[in-house]
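>>> Sequence and predicted model, in that order:
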Amino acid sequence: MFDALTQKFNSVFKSLSGKGKITEANVKEAMREVRKALLEADVNYKVAKQFCKDVQEAAMGQEVVKSLHPGQVMVKIVNDELTKLMGPVDTQVYFVSPGPTIIMLAGLQGCGKTTTAAKLAKYLISKGKKPMMIADDLQRPAAIDQLVTLGEQIDVEVYTEDTKDAVRVAKNGIKRCKQGGYDVAILDTAGRLHIDEEMMGEVSDVAKAVTPHQIYLVCDAMIGQDAVTSAKEFNDRLELDGVILTKLDGDARGGAALSVKAVTGKPIKFIGVGEKLDKIEEFHPDRMASRILGMGDVVTLVEKAQEQYDEEEAKKMQTKMQKGTFGFDDFLKQMKAMKKMGGMSSMLKLLPGVGQQLGNMDIDDGEIGKMEGIIHSMTEEERRDPETISASRRRRIARGCGRTPNEVASLVKTFKRSRDMMKVVSSGGMGGLKGLMSG
Ligand code: GDP
């Protein structure tokens, strides 16, 4: 996710840190680089310009120039400004009582609307709700069957009707929802390849007929600025409550995520990070900012872990992260747990410091097997304390597992870096950011 931007930001910060003394001119030059990077990431040009102006002003206000660690202060400022740019977001989904709460999804064809309806239903079930879905995309030929299939997968009722009258389906669907005692109705509406008057007309007729409590626009992050433009057009017609940005897992640039709020005034509520139905996350601007800056997202990681483990285990992991006391065995346990959670490389990128090192490398079973082999070849003492692993021990470990000493060294380095960063980030809030870039 956003790899190019992460790399660019890091090289800008590194070059600032390397300067020893920083002048106003240095900061200006850095901002030119940042602006270029944002434009390459397909961020709206006005947003990019304003962002750099804000960062520069903040930098001058905080006297980065006089600071002993100008690079670090800049990281903090950029982190704060990125958070501001994408937020604030109220991540709550509000429910009405008595129900049902009607959530309407709109969006262009192919943006992932139907998939998102099912993801959202699954998410709501995990929050103790009893949702049903209404198949009201009568335009795309396979949309109804697709929603029915997805509904079966997650055991959620889907209302369908053989007609071209979208308003009728919506109304009857809500009726069924009330009869069935469901508390949320998720309405999948018509998608077209492009915005046209007919689609907009239909979607607004449906909205008028059933007055949804929340209207979310589903947008494909991979189409960058086009996603932002369509969000603006939809918002002019529909009064959106928020945006659900899909396919962020495949978005190397990040332009849509960074521009949606600034351009439309509407926050991103959820993000889609994969095709599977559990690949939906609440959107938290602060966490996204630290992901973009390559500092990982420990909070989301811990939350995901909590979904998998009992609370006790998750607490232990968090404490270990905070204290920085976990050893190779914990590291391995974590890797395996992450694999179980799916999307190995996407999960690993949530670990501070690991994302950048991974680059585009996809960690698969073989990769975990390799780590496991190396770790098993270590003594208990070495597993607890990587500092004890000298060059000769590296050679011994490598012989023991049939790897090269370099491979052992590289695992130790990744482990140390991620452990140190976790300690800093999870214990210190913004203070924890200090020192990250000098690592
Ligand atoms: P619709 O036309 O808007 O209803 O789109 P679909 O729900 O049929 O989705 C179009 C394609 O995008 C499908 O192949 C989905 O599996 C895929 N898709 C949806 N959301 C995501 C996501 O968050 N990540 C990825 N990688 N693919 C997604």
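The structure has been received and is ready for your questions. Numbering: from 1, shown residues only.

>>> going forward, measure contacts and count neighbours with C-alpha atoms only.
Noted.

>>> What segments of the protein are strands?
Using DSSP state E, the strands found in the chain span residues 101-106, 131-135, 158-159, 184-188, 214-220, 242-246, 268-272, 280-282.

>>> export these to JSON lines and tack on mean neighbour count and distance to V47?
JSON lines is the format used below for these (neighbours: other Cα atoms under 10 Å; distance: least, Cα to Cα, whole Å):
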{"stretch": "strand 101-106", "mean neighbour count": "26", "distance to V47": "25"}
{"stretch": "strand 131-135", "mean neighbour count": "27", "distance to V47": "36"}
{"stretch": "strand 158-159", "mean neighbour count": "24", "distance to V47": "40"}
{"stretch": "strand 184-188", "mean neighbour count": "27", "distance to V47": "31"}
{"stretch": "strand 214-220", "mean neighbour count": "26", "distance to V47": "19"}
{"stretch": "strand 242-246", "mean neighbour count": "27", "distance to V47": "18"}
{"stretch": "strand 268-272", "mean neighbour count": "26", "distance to V47": "16"}
{"stretch": "strand 280-282", "mean neighbour count": "19", "distance to V47": "23"}
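
>>> JSON lines for the ones you listed, including mean pLDDT and distance to the ligand?
Formatted as JSON lines, those follow (pLDDT from 0 to 100; distance: least, Cα to the nearest ligand atom, whole Å):
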{"stretch": "strand 101-106", "mean pLDDT": "96", "distance to the ligand": "9"}
{"stretch": "strand 131-135", "mean pLDDT": "97", "distance to the ligand": "10"}
{"stretch": "strand 158-159", "mean pLDDT": "97", "distance to the ligand": "15"}
{"stretch": "strand 184-188", "mean pLDDT": "97", "distance to the ligand": "8"}
{"stretch": "strand 214-220", "mean pLDDT": "94", "distance to the ligand": "8"}
{"stretch": "strand 242-246", "mean pLDDT": "95", "distance to the ligand": "4"}
{"stretch": "strand 268-272", "mean pLDDT": "95", "distance to the ligand": "3"}
{"stretch": "strand 280-282", "mean pLDDT": "94", "distance to the ligand": "7"}
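
>>> okay if I get the ones you listed as JSON lines plus distance to K113?
Below are the strands of the chain laid out as JSON lines (distance: least, Cα to Cα, whole Å):
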{"stretch": "strand 101-106", "distance to K113": "7"}
{"stretch": "strand 131-135", "distance to K113": "11"}
{"stretch": "strand 158-159", "distance to K113": "15"}
{"stretch": "strand 184-188", "distance to K113": "7"}
{"stretch": "strand 214-220", "distance to K113": "6"}
{"stretch": "strand 242-246", "distance to K113": "9"}
{"stretch": "strand 268-272", "distance to K113": "10"}
{"stretch": "strand 280-282", "distance to K113": "12"}
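
>>> How about the residues of this protein by the ligand?
Applying Cα under 6 Å from any ligand atom, we find that the chain lies next to the ligand at 109-115, 246-247, 249-250, 272-275.

>>> Tell me which of these fall in helices.
Residues of these located in helices (DSSP state H): K113, T114, T115.

>>> you'd agree the last one is up against L277?
Yes: between T115 and L277 there is a contact under Cα atoms under 8 Å: 7.3 Å.

>>> Of the residues of the chain next to the ligand, grab the buried ones for ChimeraX.
Selection of buried members from the residues of the chain next to the ligand for ChimeraX, criterion 16 or more other Cα atoms under 10 Å:
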select :109,111,112,113,114,115,246,247,249,250,272,273,274
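
>>> nearest to A170, of the residues of the chain next to the ligand?
T114 (15.3 Å; Cα to Cα).

>>> check contacts around M86.
Counting by Cα atoms under 8 Å, 6 or more residues apart in numbering, M86 touches A257, L258, S259, V260, K261, A262, P267, I268, P285.

>>> so how far is the ligand from the third one?
Taking Cα to the nearest ligand atom, to the nearest Å as the criterion, S259 is separated from the ligand by 18 Å.

>>> Check the burial of R237 by counting its neighbours.
For R237, the count of nearby residues is 12 (other Cα atoms under 10 Å).

>>> Cross-check the contact I'm expecting between it and M199.
No: counting by Cα under 8 Å, R237 stays clear of M199, with 11.2 Å between them.

>>> Overlap in contacts, the two.
In contact with both R237 and M199: no residue, using Cα under 8 Å, 6+ apart.

>>> how near is the residue of the chain positioned farthest from its centre to E382?
Relative to the centre of the chain, and counting by Cα atoms, centre = their mean, the farthest-placed residue is S392 at 41.4 Å. Using Cα to Cα, to the nearest Å, S392 is found at 13 Å from E382.

>>> OK, contacts around the closest residue to R383 other than its chain neighbours?
Among residues not flanking R383 along the chain, F328 sits closest, at 4.8 Å (Cα to Cα, 6 or more residues apart in numbering). Counting by Cα under 8 Å, 6+ apart, F328 touches I375, R383, R384, P386, F415.

>>> and these as CSV, adding pLDDT and neighbour count?
Shown next, in CSV, are the contacts of F328 (pLDDT from 0 to 100; neighbours: other Cα atoms under 10 Å):
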residue, pLDDT, neighbour count
I375, 92, 23
R383, 90, 21
R384, 85, 16
P386, 85, 16
F415, 85, 20
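
>>> pLDDT weak spots in the protein?
Of all residues in the chain, those with pLDDT under 70 make up the ranges 19-22, 62-70, 296-315, 317-318, 321-324, 337-365, 421-439.

>>> any idea how it splits into domains?
3-86, 101-287, 298-433 (automatic domain parsing).

>>> okay, those, which one's buried deepest?
Of the domains of the chain, the one with the most neighbours on average (mean count of other Cα atoms under 10 Å) is domain 101-287, at a mean of 20.

>>> what's the first-to-last distance across that domain?
28 Å.

>>> Check stretch 119-136 too.
Termini of stretch 119-136 sit 17 Å apart (Cα to Cα).

>>> Show which residues not belonging to stretch 150-158 make contact with it.
Taking Cα under 8 Å, 6+ apart as the rule, stretch 150-158 contacts T115, A118, A121, K122, P131, M132, M133, I134, A135, L147, V148.

>>> separation between the first one and S126?
Pointing back at T115 there. From T115 to S126 the distance is 17 Å (Cα to Cα).

>>> And for G112?
21 Å.
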